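Asks: Give me a 3D structure for the following:
(chains A and B)
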Amino acid sequence: MTDATLLSGRGLTLHFGAIPALVDVDVDLWPGEMLAIVGESGSGKTTLLNVLSGRQRPDRGVVWYRDPDDRLHDVHAMPAPALRTLHRSDWGFVHQDPRQNLRMNVSAGGNVGERLMAQGARHYGDIRAAALDWLAQVEIDADRIDDLPRTFSGGMLQRLQIARTLVTHPRLVFMDEPTGGLDVSVQARLLDLIRSLVARLNIAAVLVTHDIAVARLLAHRIAVMQRGRIVETGLTDQVLDDPHHPYTQLLVSSVLNA
Amino acid sequence: MKGYNFAYLDEQTKRMIRRCVLKAVAIPGHQVPFGSREMPLPYGWGTGGIQVTASILGSDDVLKVIDQGADDTTNAVSIRRFFARTAGVRTTTATAEATVIQTRHRIPEKQLREDQIIVYQVPQPEPMFRLEPSRVETRRMHALADYGLMHVKLYEDIARFGQISISYDYPVMVNQRYLMSPSPIPAFDNPKMDRMPALQLFGAGREKRIYAIPPWTQVKSLDFDDHPFRAINAPHPCGLCGATDSYLDEVVTDDHGGRLFVCSDTDHCAERRAAGYVGTDGMKEAAE
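Replies: The predicted model follows:
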């Protein structure tokens, strides 16, 4: 662990009754890096994401976050207002189901502008301009700005969610299966979009996915989880081309041309 | 009145309400829960306001009750008579004479003074109730001063209608901290709340909430820098007294499209007419 880590979890342990969801997990994330967490359903991927983002408190362990002023914060010891502020400015969360994040009865422009307004933006023209700019960046036509999200297709909703999340230029984004539930061609476009945006804005991201191909395409590093433990971690190509742990080998060999 | 305690409510209830009022005054704009009692009138007719009035009323107070600015509508007359009977206090229709003013949906045109208290009847104390259905969530938003959602509503209005289309119950920020519903007063009255010399108390009986604005507190209507708050009023003078600066009601006078715009504050209008001001319709009346 070098000084420059953006987010690091140490000894994270969480049990749901008798079920071990996380067992002594260590995670590090550096600025501008994308870390994929892969594993089968029920392996604790999403739980780890929730614990890292402060949405769920672990039984044991600590999550450190380094703010832009180089101060370290224990995410789970932060006061609720500070964590809330972090979540609506420096951090972003992209859900698998965009409906969880978007306000379905508010126009696309309002959805994109909400985080700006929550941060204190009080100039309608500027907010509107930012919304238009972000809609363009996620390839949504400018004339859809006043349409309600329920008139959008699944892929557009996911892109709108990404615009809404990135509008405040977060440094760290948590993504929970961002391409889940989309058909293959839409997935490909979305992956392309995420990759270019993340690279251009130098965003660090924790990406949870069960899709090895998505991890290969987007992630710099990969962590493989099984029954609440990280069984293997390393550079994406290294882990996927030369898996050491038997479970990783099984996972990689079970995917067609990954 | 025999068989009733002074001002209808028992002393314990009044003490409970006064404690809530004190807390509300200490935290301007914050909604304080209170044990709302059954009152001898239905919810929505002013049960919250009437309980607050009952608990602050003293025997030497002078009470004025208005409903939509008028002293002579059912709600105003009934509540005024209720306190005249159960508390024996003097009642008035003159704003300047009153020490306690209970109001539904208006603020009197005449500037209130430091020795006066205005009590608002509030149907829905939560300003974000149409935007966020969960009360647990809105409480958290108030606690964290997380009011982006309210601005999203204003943004939506401008995007759809070109202007903020809220004409009454226009949300305000109290003392730069709490978002507050001003009760369904017209947006026209919002500027009167800002740094008002009188104490402002709000009672919501059905929702069991009391909140308050202490005298001289900053009250700011929400807006955008490039779409500032505007008080909207009908572009007419009052037909009876000719006032151009008061809030007007539109009255349909016949079935041929006849309209009469009159001051909604009846006391203000009567006072002006007594002082010799006459509007266009007032002149016709005199001619007939």
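Asks: Scan chain A for its longest helix.
Replies: If you go by DSSP state H, chain A has its longest helix at helix A:184-201.
Asks: buried set for it?
Replies: Within helix A:184-201, the residues scored as buried using 16 or more other Cβ atoms under 10 Å in any protein chain shown are A:186, A:187, A:190, A:191, A:193, A:194, A:197, A:198. Using the backbone N, CA and C atoms, a C-beta is placed for each residue, glycine as well.
Asks: And it, what does it pack against?
Replies: Where contact means 3 or more Cβ pairs under 8 Å, 6 or more residues apart in numbering or on different chains; DSSP states H and E, helix A:184-201 is packed against helix A:154-166, helix A:212-218.
Asks: strand partners of the next helix or strand after it, parallel vs antiparallel please.
Replies: Later in the chain than helix A:184-201, the nearest helix or strand by DSSP states H and E is strand A:204-208. According to DSSP bridges, strand A:204-208 forms sheet pairs with strand A:34-38 (parallel), strand A:172-176 (parallel).
Asks: Pick the most buried one from the ones you listed.
Replies: Most buried of the strands paired with strand A:204-208, by mean neighbour count (mean count of other Cβ atoms under 10 Å in any protein chain shown): strand A:34-38, with a mean of 26.
Asks: which one among the buried residues of helix A:184-201 gets closest to chain B?
Replies: Each of these was checked against chain B using Cβ to the nearest Cβ; the closest is residue A:197, at 22.7 Å.
Asks: Grab the nearest non-local neighbour of the closest one.
Replies: Nearest residue to residue A:197 in three dimensions, chain neighbours excluded: residue A:166, at 6.4 Å (Cβ to Cβ, 6 or more residues apart in numbering or on different chains).
Asks: Now do the contacts for that neighbour.
Replies: Neighbour list for residue A:166: A:92, A:134, A:173, A:197, A:201, A:203 [criterion: Cβ atoms under 8 Å, 6 or more residues apart in numbering or on different chains].
Asks: from the residues you listed, which is closest to residue B:70?
Replies: The nearest member of these to residue B:70, counting by Cβ to Cβ, is residue A:134 at 50.0 Å.
Asks: is it true that the closest one touches residue A:163?
Replies: Yes: at 4.1 Å, residue A:134 and residue A:163 qualify as touching, with contact defined as Cβ atoms under 8 Å.
Asks: Find residues that contact each of those two.
Replies: Going by Cβ under 8 Å, 6+ apart, residues that sit against residue A:134 and also against residue A:163 are residue A:112.
Asks: and the gap between the closest residue to chain A within chain B and residue A:100?
Replies: Nearest residue of chain B to chain A: residue B:148, at 2.8 Å (Cβ to the nearest Cβ). Distance, residue B:148 to residue A:100, using Cβ to Cβ, to the nearest Å: 17 Å.
Asks: Would you mind telling me which of the two has more residues around it?
Replies: Neighbours were counted for residue B:148 and for residue A:100 using other Cβ atoms under 10 Å in any protein chain shown; residue B:148 has more, 18 against 10.
Asks: excluding its backbone neighbours, what's nearest the more buried one?
Replies: residue A:118 (2.8 Å).
Asks: contacting residues around the one you found?
Replies: Neighbours of residue A:118 in contact, by Cβ under 8 Å, 6+ apart: A:88, B:146, B:147, B:148, B:149, B:151.
Asks: what pairs with residue A:19 across the strands?
Replies: Beta-bridge partners of residue A:19, as defined by DSSP bridges: residue A:16.
Asks: and it, how many residues sit next to it?
Replies: Neighbours of residue A:19 under the rule other Cβ under 10 Å: 11.
Asks: what's the answer for residue B:90, then?
Replies: 15.
Asks: Please apply the same query to residue B:60.
Replies: Neighbour count of residue B:60, defined by other Cβ under 10 Å: 8.
Asks: how much space between it and residue B:99?
Replies: Residue B:60 is 8 Å from residue B:99, by Cβ to Cβ.
Asks: domain ranges for chain B?
Replies: Domain segmentation of chain B under automatic domain parsing yields B:11-221, B:248-287.
Asks: And the last one, what's buried?
Replies: Applying a neighbour-count criterion of 16+ other Cβ under 10 Å, the buried positions in domain B:248-287 are B:248-249, B:260-273, B:277, B:279, B:281-282.
Asks: Which ones among those residues map onto helices?
Replies: If you go by DSSP H, the buried residues of domain B:248-287 have B:266, B:267, B:268, B:269, B:270, B:271, B:272, B:273, B:281, B:282 in helices.
Asks: can you pull the contacts of the third one?
Replies: When contacts are counted by Cβ under 8 Å, 6+ apart, residue B:268 is found next to B:95, B:108, B:109, B:110, B:241, B:243, B:246.
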